[in-house]
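Enquirer: sequence plus the predicted model coming up.
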Amino acid sequence: MSRRPARRRRSRRADGTEQLLLVAGGLVIVGAVVAAVVDFVRAYPWVPLVLVLLAGGAGAAWMVGRRRAAGWERVRSQGLRYALTQLDALHHRQFEHAVRDLMRRDGCANAVQVGGAGDNGADVKATDPFGRRWVIQCKHRRAGLSGAAVGTPDLQVLNGTGRPVHKGDVVVLVTNGRFSKPALDFARSQRLHLVDRTLLGEWASGSRPLWELLRAVPPPRRPLSG
């Protein structure tokens, strides 16, 4: 019984010795590498300078590329146009992205697409240059005007979340189709803004920002900066 603890002690000592040897060997290798690098730099002092210049050039090229890409994106967004036939051909998620891009084109730099599971009735959110918070629900109809009319149930969902949940100043439902008569009446009574196929076509063609096309939009929260 007394021999087993002795073996364990010897085994622990052996393990400790091996670890020390490994650490010492690692330090020797690191020291050798450092010494070799120092000798190389002494023999060829121009190499680090060239590497620094190359790294700086690569960084500058990356920054220029980023700026050019951002510039082209601004040009693209400012000149963005959609025909109704293009919008009809989109997937419903692509339609939400198109509405987001149109809001960005009109000056809502923070416009985001948020549609999906658990979106609480909002597909796009944006803040316009006047400080108004926009909450937009999108209803895409593959058949366009011939598709099913958007009815009051969709508007009721939007009405229940647009202001209480999303804190919207302007609550909008956009479709490439049409609205039912009860939906039009309900929207009017609840101060909801509707964008049907005709109005969408005018907006997407780039004529004017959406807030200039809609009636009874809330007043600006802040003046437009010059």
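Expert: Arrived safely, thanks for sending.
Enquirer: where does this protein have its least confident helix or strand?
Expert: helix 46-78 (a mean of 65; mean pLDDT, DSSP states H and E).
Enquirer: phi, psi of Thr175?
Expert: Per-residue torsions, Thr175: phi -140, psi 150 (degrees, to the nearest 10).
Enquirer: how about the contacts made by it?
Expert: 138-141, 150, 195-197, 200 (Cβ atoms under 8 Å, 6 or more residues apart in numbering). For every residue, glycine as well, the C-beta is placed using N, CA and C.
Enquirer: can you give me the pLDDT of it?
Expert: On the pLDDT scale, Thr175 is placed at 98.
Enquirer: could you tell me which of the contacts of Thr175 belong to strands?
Expert: Counting by DSSP state E, the contacts of Thr175 place 138-139, 195 in strands.
Enquirer: which of these count as buried?
Expert: Buried members of these, counted by 16 or more other Cβ atoms under 10 Å: 138-139, 195.
Enquirer: of these, which is the nearest to Val38?
Expert: Cys138 (63.8 Å; Cβ to Cβ).
Enquirer: surely the closest one and His97 touch.
Expert: No. Applying Cβ atoms under 8 Å, one finds Cys138 not in contact with His97, separated by 9.5 Å.
Enquirer: now for the residue nearest to the spatial centre of the chain: which residues touch it?
Expert: Nearest to the geometric centre of the chain sits Val112, at 6.2 Å (Cα atoms, centre = their mean). Going by Cβ under 8 Å, 6+ apart, Val112 touches 100, 124-126.
Enquirer: please redo it, this time with the cut-off set to 7 Å
Expert: Going by Cβ atoms under 7 Å, 6 or more residues apart in numbering, Val112 touches 100, 125.
Enquirer: ok, Glu202 next?
Expert: Glu202 touches Leu213, counting by Cβ under 7 Å, 6+ apart.
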